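Chemist: show me the folded form of this:
(chains A and B)
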There are 2 protein chains.
Amino acid sequence: MQNASEAGDKPGSGTGDLSLERAPDIVEAMNAHEPDKAAALLRSLPTEKAIEVLDLPGLANTCEIIAELPSETAVALLSAVSDDRAADIFKELVEPLRTTLLNGLNPETRTVILGLLAYPERSAGSIMTTEFVSVPSTWTIAEVLHHIRMVERTRETVYSIFVVDPVTKTLIHAVPLRRLISGDPHANVLTAAPARKPLMIAPEADRMEAARLISRYDLLAVAVVDGPGHILGIVTVDDVIDAIVQESTEDAQKFGGMEAIDEPYLRISFGEMIRKRAGWLCALFLSEMLTATAMQSYQSELEKAIVLTLFIPLIMSSGGNSGSQATSLLIRSLALHEVRLRDWWRVAARELPTGITLGSILGAIGIVRITLWQTLGLFDYGPHWELVALTVGAALVGIVTFGSLSGSMLPFILKRIGFDPASASAPFVATLVDVTGLVIYFGVAAVILRGTLL
Amino acid sequence: MQNASEAGDKPGSGTGDLSLERAPDIVEAMNAHEPDKAAALLRSLPTEKAIEVLDLPGLANTCEIIAELPSETAVALLSAVSDDRAADIFKELVEPLRTTLLNGLNPETRTVILGLLAYPERSAGSIMTTEFVSVPSTWTIAEVLHHIRMVERTRETVYSIFVVDPVTKTLIHAVPLRRLISGDPHANVLTAAPARKPLMIAPEADRMEAARLISRYDLLAVAVVDGPGHILGIVTVDDVIDAIVQESTEDAQKFGGMEAIDEPYLRISFGEMIRKRAGWLCALFLSEMLTATAMQSYQSELEKAIVLTLFIPLIMSSGGNSGSQATSLLIRSLALHEVRLRDWWRVAARELPTGITLGSILGAIGIVRITLWQTLGLFDYGPHWELVALTVGAALVGIVTFGSLSGSMLPFILKRIGFDPASASAPFVATLVDVTGLVIYFGVAAVILRGTLL
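Modeler: From the prediction side, this is the model:
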């Protein structure tokens, strides 16, 4: 047996008959082809399988594939996939195809999809499905179970049943199916309901808020309700996993110092790749130009004590590295709500001694290095080498402390002024620390080397 | 209504009666206290609630809390929580308490827990639960449903029912509960089974393999089976979400250039924080010392053309930034299996033109900057300023290209030699590129400035 036996199979391997494969494996096979070939593959599948395939968000070039299909086939498939997925597809479709296909849908489906399209991107509303089971609170358990049997095939999940007030239609309770099947069939559905009110979320809430609720309370679905408390849809655990993975990927890319890309690496176009990377790279380059300006203003010091230039890369990179550590720690802590905005001073109070300690460790290593090279005769740092070593050591303490402090505070500042803390990338912090690092280094040098080298 | 109405409540707010709260909120309240106070809180809860609370992995200082409890209470609670959670707790307990409590368990539970403890950390086996529903393939749907009603309370999930061969006991099928309840009660359970064999995973497989299966195939649980095909346990979707979030956090911290910490920022001790950060920081510092060595070897060039030093930080950081972009892209792509090890040359073939393009953009900006400052009289780069500008521009093309290429290849190399690609942190790449960046810069300078400045 392989580690993940079935999933280890290559898609399409063996039989060669795609209709026997699982839908995610067909998607992988289709993704390896151009849209026209993929569309032909899709048409060759039995309708039910084709719907399953189109329902998966992992399918690449969905819009191009749809465009290749006869429009009645496209309308039939789009009507059959889950409505949240259909809305996602319509979001990407270009005119005039979009309007043509929308008009082909039956009015009810069209209304639902247009409703979903109206929610802001990344909101709970944008990833919710309207295909859930809801029953009036007057029903018995037997009636609910009968209803579930009738609608099971058209619902994304039947494991959470949402009980609404028969008059006001507001959400009263969420009953897990497992409780229903062990309940007394003749009893009212509410007898199987848990003691607490169901958790709910507004459609405008961030989808990660839904993810947090589902993961914190180990739910299979969370209800999306409007102001008066009517249930509009549900966000299910599988949508939430996709959202978590996508957000982690975007955060990782942003932390690497680029704009997030929404397609796999090998599928993104060259132009798109340059656009996503050049923006930040240029912004960082322009900021980093301040180092050249700073160096220019220290030109006379540099000419007098060229030995100082030898340690510039070493010292600057140490500040950037300690800043990068602190930033990555705090971005994640903020994302996981382990740390709140108001905790900034507690974080600063931790980073200050941490930075001083780490800086002292590096400073000590730096002094030992210079002393060793000098005494072993590997390099001559001049007659005042002890003072040079002291300058490097002291500058390291200052720069690493500044790096840790500013690296940890940057995510707070970005969040406070309404930006994504994840934009505080490692290169961003490094650039921020580099200029200050030079100023600290030459400042320390001015104090320690005054009257000798400077 | 708030965005996430109920979850927005502060834990313990309002009533002040913890037993009325949801378990995750009680955990949050307990986490704010020292272990002795938290243990007192736990004992004040109704037993059923206390079990629910202890069952949550988010509870801090679990072992210290257990140690504060009378041992019969501790044994009772540990027997009642899910066995995968109990195993996690026993993993952390110190002797002699661990043995005392283990001996207090009934022999059956002890065997199960010792079995779970034997699986390697981060394996599918280590996060699986043995509390699942399995039935022989000879049963009817009615028999299965009756069985589920009997055992429902003691099973982590009843939404996937695992059908085993009555003789060999090997896993034959996984039947979703939703299919069962719409099936004919008198028919055999296998009539409700899907056409395909269930997905399975070996207990030694990485837990992220289980996460990938669950997320790819939208499962609620995946079966963990031994070599001959006996089902040992199941990994459920909620355990997988926890694993995904934890791995993303660790990867983010590693990418920031430190060891992953397994506790929230504000809860980790000062000594632990220094240990997790100092190691990588020192390693990077020692490697970065090569820049000092490189600079020393260019000392004569530096003395002749001090103007070159002005751009060292600017040029080196650009290489690091482009490397950091490429590394963050590829770490994620490898983690998500969008890119395989064998795709390395396709990646290199993309990064080479990408790096050249990005480098040319930065190089052009650099040349414009120097030209502007010189012609506007802001700074005098000397009589050969055009050649200096050309040196900076050409060096940027080379360094950004090298940064993109090496940043993208580093995760492949680490993975190939058996390390975690996520260890290719932004500071690691920056350090790698810095030394080479200096060599490229002075190499380009030697060619362009020979006979003039050098």
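
Chemist: now the stretch 151-300 of chain A against chain B: closest residue?
Modeler: Residue nearest to chain B within the stretch 151-300 of chain A (CB to the nearest CB): A:Gly256, separated by 2.4 Å. C-beta: built from backbone N, CA, C; applies to glycine.

Chemist: which stretches of chain A form strands?
Modeler: Along chain A, counting by DSSP state E, strands occupy A:133-136, A:160-164, A:171-176, A:200-201, A:221-225, A:231-236.

Chemist: pipe those into CSV and attach mean pLDDT per row.
Modeler: Converted to CSV, these look like this (pLDDT from 0 to 100):
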stretch, mean pLDDT
strand A:133-136, 94
strand A:160-164, 94
strand A:171-176, 93
strand A:200-201, 94
strand A:221-225, 94
strand A:231-236, 93
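
Chemist: could you dump the ones you listed into CSV and include mean neighbour count?
Modeler: Below are the strands of chain A laid out as CSV (neighbours: other CB atoms under 10 Å in any protein chain shown):
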stretch, mean neighbour count
strand A:133-136, 18
strand A:160-164, 22
strand A:171-176, 22
strand A:200-201, 29
strand A:221-225, 26
strand A:231-236, 26
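
Chemist: A:Glu34: which of these is closest?
Modeler: strand A:231-236 (32.1 Å; CB to CB).

Chemist: list the helices and strands the closest one packs on?
Modeler: In terms of contacts (3 or more CB pairs under 8 Å, 6 or more residues apart in numbering or on different chains; DSSP states H and E), strand A:231-236 is packed against helix A:124-127, strand A:160-164, helix A:207-216, strand A:221-225.

Chemist: first vs last residue of stretch A:74-87, how far apart are they?
Modeler: Stretch A:74-87 has its terminal residues 14 Å apart, counting by CA to CA, to the nearest Å.

Chemist: domain-wise, how is chain A divided?
Modeler: A:6-118, A:133-244, A:265-449 (automatic domain parsing).

Chemist: for those, which has the smallest mean pLDDT value?
Modeler: Among these, domain A:6-118 carries the lowest mean pLDDT, at a mean of 83.

Chemist: which parts of the stretch 1-150 of chain A are helices?
Modeler: A:23-31, A:35-44, A:47-54, A:62-68, A:71-80, A:83-92, A:97-104, A:107-117, A:124-127, A:141-151 (DSSP state H, counting those that start in this stretch).

Chemist: extract the C-alpha set from the second one and format it as PDB.
Modeler: Extracted in PDB, the C-alpha atoms of helix A:35-44 (Å, rounded to 0.1, in the frame of the first residue of the first chain):
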ATOM      1  CA  PRO A  35      -9.100  25.000 -22.700                       C
ATOM      2  CA  ASP A  36     -10.400  23.600 -26.000                       C
ATOM      3  CA  LYS A  37      -9.100  20.100 -25.300                       C
ATOM      4  CA  ALA A  38     -10.400  20.300 -21.700                       C
ATOM      5  CA  ALA A  39     -13.800  21.400 -22.900                       C
ATOM      6  CA  ALA A  40     -13.900  18.300 -25.200                       C
ATOM      7  CA  LEU A  41     -12.900  16.100 -22.300                       C
ATOM      8  CA  LEU A  42     -15.700  17.700 -20.200                       C
ATOM      9  CA  ARG A  43     -18.300  17.000 -22.900                       C
ATOM     10  CA  SER A  44     -17.200  13.400 -23.200                       C
END
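
Chemist: and it, what's buried?
Modeler: By neighbour count on 16 or more other CB atoms under 10 Å in any protein chain shown, the buried set for helix A:35-44 is A:Pro35, A:Ala38, A:Ala39, A:Leu41, A:Leu42.

Chemist: just the angle for that helix relative to helix A:23-31, thanks.
Modeler: 140 degrees (axes from the mean of the first three to the mean of the last three CA atoms, to 10 degrees).

Chemist: swap in the last one?
Modeler: Orientation check (the same axes, to 10 degrees): helix A:141-151 against helix A:23-31 gives 30 degrees.

Chemist: send me helix A:141-151 as PDB with only the CA atoms.
Modeler: Extracted in PDB, the C-alpha atoms of helix A:141-151 (Å, rounded to 0.1, in the frame of the first residue of the first chain):
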ATOM      1  CA  ILE A 141     -38.200  14.700  13.800                       C
ATOM      2  CA  ALA A 142     -39.800  12.100  11.500                       C
ATOM      3  CA  GLU A 143     -41.100  14.900   9.200                       C
ATOM      4  CA  VAL A 144     -37.600  16.500   9.100                       C
ATOM      5  CA  LEU A 145     -36.000  13.100   8.300                       C
ATOM      6  CA  HIS A 146     -38.500  12.500   5.500                       C
ATOM      7  CA  HIS A 147     -37.800  16.000   4.100                       C
ATOM      8  CA  ILE A 148     -34.000  15.300   4.200                       C
ATOM      9  CA  ARG A 149     -34.500  12.100   2.200                       C
ATOM     10  CA  MET A 150     -36.400  14.100  -0.400                       C
ATOM     11  CA  VAL A 151     -33.900  16.900  -0.800                       C
END
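
Chemist: in the stretch 351-454 of chain A, which residue sits nearest chain B?
Modeler: Using CB to the nearest CB, A:Ala426 is the residue of the stretch 351-454 of chain A that sits closest to chain B, at 3.6 Å.

Chemist: what is the burial count for the nearest residue to that residue once chain neighbours are set aside?
Modeler: The shortest distance from A:Ala426 to any non-neighbouring residue, by CB to CB, 6 or more residues apart in numbering or on different chains, is to B:Ala426 (3.6 Å). By other CB atoms under 10 Å in any protein chain shown, the residues close to B:Ala426 number 32.

Chemist: also the one 5 residues further on?
Modeler: Using other CB under 10 Å, B:Thr431 has 27 neighbouring residues.

Chemist: ok, now A:Asn103?
Modeler: Neighbour tally, A:Asn103, other CB under 10 Å: 11.

Chemist: quick check: closest non-adjacent residue to it.
Modeler: Once flanking residues are discounted, A:Asn103 sits nearest to A:Arg110: 7.8 Å by CB to CB, 6+ apart.

Chemist: what of A:Leu77?
Modeler: Computed as CB to CB, 6+ apart, the closest residue to A:Leu77 that is not its neighbour in sequence is A:Leu54, at 5.3 Å.
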